[in-house]
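Student: Please find the sequence and the predicted model below.
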Amino acid sequence: MASSRLSPAPQSVADGSPRFRYAPAFAYLLLALMGFLAGGAALRESVTFDEVAHIGAGVSYWQKLDLRFNEEHPPLAKVIAAIPLILRGTRADYSHISWTNSTKFLPHAFVGEWVFGEWLLTRWNDPVRTLAWARLPMLMLTLILGWVVFVYARRLGGDWGGLLSVAAYVSTPTFIVFGPLVLTDLAVTLFCLLTLWRFADLWQELASTLGFARRVHRRLHADAPRYQHPALQYSTHPLDCDAGARATNDPEPSSRGSLLGSRRHGACGAPGHQFLAYGGTRLSELFSILQCAYPEPSGVLVGERF
């Protein structure tokens, strides 16, 4: 029972919204249509300006493990786009002056990345096939983003809300045309959306777990029996100076020179013993929380009177 309270309930579709059992199938069909249209556009579009630098940089990241090219943009999209090129054995000449002279970002590498990408596409490899294989992973990221939009919109607005969102996504010319290109925009959009949504999930899970921990803590303070050792009957706060006097009915804590206090420590007694009492009570509460979450078959409760 306790373990089920610890784990928050998974998010579901919006309550009260009309259900449509074939919504995922229609979403698949819409994304397949988008893949057909965007893939056809990717095969017919010529190389764009930024793709020259991105494709060459991505190939060099894999082959040389060197990030000298295109430092101004995050590398993940370029690395993903270069995967099929590396598997196909795309050739690059690293003795070329565009590579050997690009030891510093400005001005050498910033200029050299365009020359290196141009030669990789047009001189060292077949330009049509190289460009098509580089755009294939970006097309997959475009379709994945469409599915993520459908899933998250379905959680917020139900089946019809998810279908409306994915329909708007797949029919937007911007995503159809620019989605398969080797650019960083769509990859950043996809992973930012996943990160922000997951951050909200983690925040919700944390709030649920902390709420359960607070309820257990209050229950322990209200119902759990206390240890009989005098040191553990002190206040749970290590700086409560009069707690020892209240626990032992001693009206003058500063005059006690025994185990838990002396005149040289003032009214607060021995600081080491105060913190020891504080740590002991906190440790017993931790054991009690673990006992509530994972009860043992023997039935022995941590914190019982001995």
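Tutor: Great, that's in hand.

Student: Give me the domain ranges for the protein.
Tutor: 2-204, 225-306 (automatic domain parsing).

Student: which intervals of the stretch 101-250 of the chain have sub-threshold pLDDT?
Tutor: Residues of the stretch 101-250 of the chain that meet the criterion pLDDT under 70 lie in 210-250.

Student: which residues of it fall in helices?
Tutor: 110-122, 127-170, 173-178, 185-223, 243-248 (DSSP state H, counting those that start in this stretch).

Student: Would you convert those into CSV that also reports mean neighbour count?
Tutor: To be clear about C-beta, it is placed using only N, CA and C from the backbone, and glycine gets the same treatment. Output for those, formatted as CSV (neighbours: other CB atoms under 10 Å):
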stretch, mean neighbour count
helix 110-122, 20
helix 127-170, 20
helix 173-178, 15
helix 185-223, 13
helix 243-248, 18
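
Student: would a markdown table of those helices with distance to residue 83 be doable?
Tutor: Output for the helices of the stretch 101-250 of the chain, formatted as a markdown table (distance: least, CB to CB, whole Å):
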| stretch | distance to residue 83 |
| --- | --- |
| helix 110-122 | 15 |
| helix 127-170 | 6 |
| helix 173-178 | 20 |
| helix 185-223 | 13 |
| helix 243-248 | 65 |
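
Student: nearest to residue 104, of those?
Tutor: Each of the helices of the stretch 101-250 of the chain was scored for nearness to residue 104 using CB to CB, and the closest is helix 110-122 (9.1 Å).

Student: Can you list the helices and strands that the closest one packs against?
Tutor: Here helix 110-122 touches helix 49-64, helix 97-100, helix 127-170, going by 3 or more CB pairs under 8 Å, 6 or more residues apart in numbering; DSSP states H and E.

Student: Which strands or helices does the last one pack on?
Tutor: Of the remaining helices and strands, those touching helix 127-170 by 3+ CB pairs under 8 Å, 6+ apart are helix 23-44, helix 49-64, helix 76-81, helix 83-87, helix 110-122, helix 173-178, helix 185-223.

Student: if we can go back for a sec, I'd like to know which of the helices of the stretch 101-250 of the chain lies nearest to residue 103.
Tutor: With CB to CB as the criterion, residue 103 lies closest to helix 110-122 of the helices of the stretch 101-250 of the chain, at 9.4 Å.

Student: re earlier: which of the helices and strands packed on helix 110-122 sits closest to residue 208?
Tutor: Here helix 127-170 is closest among the helices and strands packed on helix 110-122 (CB to CB), at 16.9 Å.

Student: still on that earlier bit, residue 20 is nearest to which of the helices of the stretch 101-250 of the chain?
Tutor: Closest approach to residue 20 among these is made by helix 127-170 (4.0 Å; CB to CB).
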